[in-house]
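**Q** Below: sequence and its predicted model.
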Amino acid sequence: MRVALFLTCVNDTLYPDTGRAVVKLLTRLGVEVDFPMAQTCCGQAHYNTGYRHEAEPLARHFSDVFGEYEAIVTPSGSCGAMVRELYPRIGERARAEGRGDTLAATLAPVVPKTYELTEFLVDVLGVTDVGAYYPHTVTYHPTCHGLRSLGLGDRPRRLLQSVKGLELVELPGAEECCGFGGTFAMKNADVSAAMGADKVRNAESTGAEMLCAADNSCLMHIGGTMARLGTDMRPVHIAEILASTEEEPAA
Amino acid sequence: MSGTFVGMPAFPPPAHPAFPKAAHEAVHNETLRGNLRHATHTIRAKRAKAVAEVSDWAALREAGKQIKDHTLRHLDRYLVQLEESVTAAGGTVHWAADADEANRIVADLVKATGESEVVKVKSMATQEIGLNEALEAEGIRAYETDLAELIVQLGKDRPSHILVPAIHRNRGEIRDIFRKEMSEWGRPAPEGLTDTPAELAEAARLHLREKFLRAKVGISGANFMIAETGTLVVVESEGNGRMCLTLPETLISVVGIEKILPTWQDLEVFLQTLPRSSTAERMNPYTSMWTGTGDGRAGEGDGPRTFHLVLLDNGRTDTLADEVGRQALRCIRCSACLNVCPVYERAGGHAYGSVYPGPIGAILSPQLRGTASEIDASLPYASSLCGACYEVCPVAIDIPEVLVHLRERVVEGGQVIREGNKVVLQPAKGHAAERAAMRAARWAFMHPGALRTGQRFASRTRRLHPRTLPGPGKAWSDSRDLPAVPAEPFRDWWQRTQGGKGGAK
């Protein structure tokens, strides 16, 4: 199977460890991973801030870069949801604006082939025990777009529960948004920060060492809040937990 | 001002600060935060339980959506049918294009009765048009009889929630308002009133009773209007509405045109979904239905002696013209989206600058009023797009979809319908820097080489990066640490190690 890693622009620039973890994990599970060098950004920030027409060329570019692969895997619920939920909508809107079916037809092929990492593991590879080892207490925050747009359900939790040495503790108010919301974090900084602080307090109350999520954008906000509030907790992307083994534990 | 308008807006845009500014104070008000957290979390949990009891909830939700969509698509036909049914049952139908016209019609109707006071059933439509203030200006006193609306009215306050307008108040605050203000409006609060719920309710009951018994004119809204029969429906919990709907001789109902249902049977769906979504009740305690007047049809009528229905547009037809935004008109005002919204919980209802707060308000107000004012242009951004509102909406309004659509209207402008006219909006001012940044980012993302140069530059200068950002970046670094930039971007590692071949680091 020709699998492309769609790392996302945020991970590529700021969180290469997550990218290395996905490569290590998938390689260990026998998947041949490619990283198409022409990939950039799915256009989510543009689209969600109201710049749909600026997002269109990025969506077309995504389709050009990834169209030939059998599967596209991304360690981001939010960018995965952009492709799966919003690319069809971008096509529909272009059609409604009298620009015909071209854009919809261009974007259509990548939509069903795009998987968020935990979906790919559980649904395509059919594994929940990926042979990981991570001797820490962890609480899991389901990020909004993974939870509600993609419907990831209990996939991430099932994967975490199968990790050797990992103790998973319940996060109170888990399904409440952390307050990141892309440009929302800047445009409504007061409310965003208040949501982030509440999320961190809930996480702290679990006594866990780490807060795990499947999206580094949210973790950037939660982690930045943790550091500012002076907590001992750390944010960690689920890929880094699943990539960690007894032979090669995560740093 | 973001728009070029033909004619005057339906009602003047409110002089209200933009949402982030309005929310600033609420976020740091510990009492308010506590009141809202307690109230929203309680009702949130109860709703979830009440909805989980219904095995066919998803089907009911879909049915509600489809009935509303069908009705909206044929609204012209159903409105005429409703007018015929109401008229045949002895009522009189009035058409109001905007708030001013509706207020004038109601004031004239009240004056024609010779009365100078009215009792009111809780109604969002009359709040929307500012009816109480308009009547006051005509020398007519309107008494709110819903407990929470009474608290708001006595406290010279504004409602902050659709269903629970005084949600921002706690018991102690309510006791103080009753003690101080009730005597101004009628029967004073009992001596030694405490903040126990039973005593507060009894004080309101005594205060309101004399008004119910005296009033000759009642004013209401309606949750539903049935086109085939001309029946209006009000659902409520307290029974105050029932008093207003049955005791006065004249009843005037002000109802938004989107509240129509084609048939009596359609109620079956909404009388299941509305109570569970709003108050988490299986069935609300009082459901009042009336068809025309008491003597409209010999021996059959069940309404008041005189009945007037004022059908209110006030931006609804304009909203209906927008193919993405029109789904907001499906709203049945249950408030489930407010109760589940993390932004509403922290910003409070007043920050939304409208009688419609929360997620639904953020998509309704900028459509009903347009996006010209500071508050209306900021409301589409008052959301992290978490989607909790869409998940609980009993008529499946995709609120995040409409929010993004309205953001696009704010930043890109374009053609909209205002007061029935095609109007081309200019892109909003104040987004110039953002627009430039978005364009620059789009350019870089279309040129992977340029992106890489930028990434490398960021990596190589990482030791020089400040801990806080200037300008717009301050909004981030004021409350959150910045992420550390890695020594090299992933793509450099991938190329250097050929994808980590042989365990390369």
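**A** Structure's in. What do you need?

**Q** Need the nearest residue in space to B:Pro285, chain neighbours excluded.
**A** B:Ser237 (5.2 Å; CB to CB, 6 or more residues apart in numbering or on different chains). Bear in mind the C-beta positions are built from the backbone N, C-alpha and C, glycine included.

**Q** Give me the residue at the spatial middle of the chain.
**A** All of this refers to chain A. Geometric centre of chain A, nearest residue: A:Ser76, 1.4 Å, by CA atoms, centre = their mean.

**Q** That was the other one, I meant chain B.
**A** Note: chain B centre (CA atoms, centre = their mean) maps to B:Tyr356, 2.7 Å.

**Q** Just confirm it contacts B:Pro366, I think it does.
**A** No. Counting by CB atoms under 8 Å, B:Tyr356 stays clear of B:Pro366, with 10.4 Å between them.

**Q** Overlap in contacts, the two.
**A** Common neighbours of B:Tyr356 and B:Pro366, counting by CB atoms under 8 Å, 6 or more residues apart in numbering or on different chains, are absent.

**Q** tell me which parts of the stretch 101-250 of chain A are close to chain B?
**A** Residues of the stretch 101-250 of chain A lying close to chain B (CB under 8 Å from any CB of the partner chain) are A:144-145, A:148-149, A:175-177, A:179-197, A:220-221, A:223-225, A:227-228.

**Q** filter those to the buried ones?
**A** For those, a neighbour count by 16 or more other CB atoms under 10 Å in any protein chain shown gives the buried set as A:144-145, A:148-149, A:176-177, A:179-197, A:220-221, A:223-225, A:227-228.

**Q** how about the nearest residue to B:Gly387 once chain neighbours are set aside, what does it touch?
**A** Nearest residue to B:Gly387, sequence neighbours excluded (CB to CB, 6+ apart): A:Arg148, at 4.0 Å. Counting by CB under 8 Å, 6+ apart, A:Arg148 touches B:Cys386, B:Gly387, B:Ala388, B:Tyr390, B:Glu391.

**Q** List the beta-bridge partners for the closest residue in space to A:Pro249 that isn't next to it in sequence.
**A** Nearest residue to A:Pro249, sequence neighbours excluded (CB to CB, 6+ apart): A:Tyr133, at 6.5 Å. On the basis of DSSP bridges, A:Tyr133 is bridged to A:Lys164.

**Q** I'd like the distance between A:Tyr133 and A:Leu242.
**A** 10 Å (CB to CB, to the nearest Å).

**Q** Which of these two has more residues huddled nearby?
**A** Per other CB atoms under 10 Å in any protein chain shown, whichever of A:Tyr133 and A:Leu242 has more neighbours is A:Leu242, with 32 against 16.

**Q** residue contacts, that one?
**A** Counting by CB under 8 Å, 6+ apart, A:Leu242 has contacts A:Ala21, A:Leu25, A:Leu121, A:Val130, A:Ala132, A:Leu159, A:Val163.

**Q** Return the member of those residues nearest to chain B.
**A** Within those, proximity to chain B (CB to the nearest CB) peaks at A:Ala21, which comes in at 10.5 Å.

**Q** nearest spatial neighbour of the closest residue to chain A within the stretch 101-250 of chain B, skipping sequence neighbours?
**A** Nearest residue of the stretch 101-250 of chain B to chain A: B:Ser160, at 15.4 Å (CB to the nearest CB). Spatial nearest neighbour of B:Ser160, chain neighbours left out: B:Gly349 (2.9 Å); criterion: CB to CB, 6+ apart.

**Q** list the contacts for residue 26?
**A** Defaulting to chain A. Applying CB under 8 Å, 6+ apart, the residues near A:Leu26 are A:Val3, A:Leu5, A:Val33, A:Val73.

**Q** my bad, chain B
**A** Neighbouring residues of B:Ala26 by CB under 8 Å, 6+ apart: B:Leu32, B:Arg33, B:Arg346, B:Ala347, B:Gly348, B:His350, B:Ala351.

**Q** Good, we can wrap up now.
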